[in-house]
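Trainee: attaching a predicted model along with its sequence, questions to come.
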Amino acid sequence: MEAIRPVGRTLLRDRAYEAIRDAIVAGEIEPGAVVRDADLAERLGLSRAPVREAFSRLVDEGLLESKPQSYTRVTPVVTADVRDAAAVVGAMHELATRVAVPRLMAADLEIMRTANERFATAVAAGEVDLALRADDELHDVLVRVSGNRAAAATVARYTPLIRRLERRRFGEGGNCRSAGLHERLIEACASGNTEAAVRVTAEIWHSLADLADDD
């Protein structure tokens, strides 16, 4: 039997980062809330070191702000930041779509269709977290198939800023137009129409930028 290896420091840091990021995006830790490494380390069952590392990454990504020797707190939802993030994320998705469409397999298209079915069902039921998870899964197919690691990293970094505003819109009873757009995207992908798929991708992300304009 192989010896059980200890969990690496990097994995603990990533675990802390993902948990805190998801709590911020979900609104479980509200904008303006002060966060303390000791408190979150205890809740997560970790030492303070990986939580501090997660804080540093979240500050860099705009979800936390910190004043040395004073506080670390969740940033407010700033519409200008959301617009900027949507523009960057949208551009990366357009790039990924252009590369991915000719490479898509039947299994990839099926994942996209199934994700959109779950998305539409979740939106109708008001299940915000399920809807956003399904939305991510659908678009991640194109990013994954494109094989562009830089685009994937950029999408992962800036999408949470957009999701915070989306989630708030859902909570306020806002409508989501993406299910129909997703269908058009999948149809374009299935027919191998790269330019149409890129146009629909642009429309999807422009609609998300519009959320900030309505704020």
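Mentor: Arrived safely, thanks for sending. What you see is a predicted model; the values in this text were computed from it and never measured.
Trainee: Asp129 in helix, strand or coil?
Mentor: Following DSSP: H, G, I helix; E, B strand; the rest coil, the label given to Asp129 is helix.
Trainee: could you find the closest non-adjacent residue to it?
Mentor: Ala26 (6.5 Å; CB to CB, 6 or more residues apart in numbering). For the C-beta atoms, the positions are set from N, CA and C on the backbone; glycine is no exception.
Trainee: and for Leu208?
Mentor: Using CB to CB, 6+ apart, the closest residue to Leu208 is Ala86 (4.9 Å).
Trainee: isn't that neighbour right up against Ile162?
Mentor: Yes. The pair Ala86 and Ile162 qualifies as a contact (CB atoms under 8 Å) at a distance of 5.5 Å.
Trainee: before we move on, back to that, so which helix or strand takes in the residue nearest to Leu208?
Mentor: Per DSSP states H and E: Ala86 is located in helix 79-100.
Trainee: outside of that helix, which residues touch it?
Mentor: 62, 139, 141-143, 145-148, 151-152, 154-155, 158-159, 161-162, 164-165, 189, 194, 197-198, 201-202, 204-206, 208-209, 211-213, 215 (CB atoms under 8 Å, 6 or more residues apart in numbering).
Trainee: that one: what's the following helix or strand?
Mentor: Counting by DSSP H and E, what follows helix 79-100 is helix 106-125.
Trainee: of the contacts of helix 79-100, which belong to helices?
Mentor: Those of the contacts of helix 79-100 mapping onto helices are 139, 141-143, 145-146, 151-152, 154-155, 158-159, 161-162, 164-165, 189, 194, 197-198, 201-202, 204-206, 208-209, 211-213, per DSSP state H.
Trainee: how far away is the residue most central in space within the chain from Ala49?
Mentor: In the chain, the C-alpha closest to the average C-alpha coordinate belongs to Thr159, at a distance of 3.9 Å (CA atoms, centre = their mean). Relative to Ala49, Thr159 is positioned 27 Å away (CB to CB, to the nearest Å).
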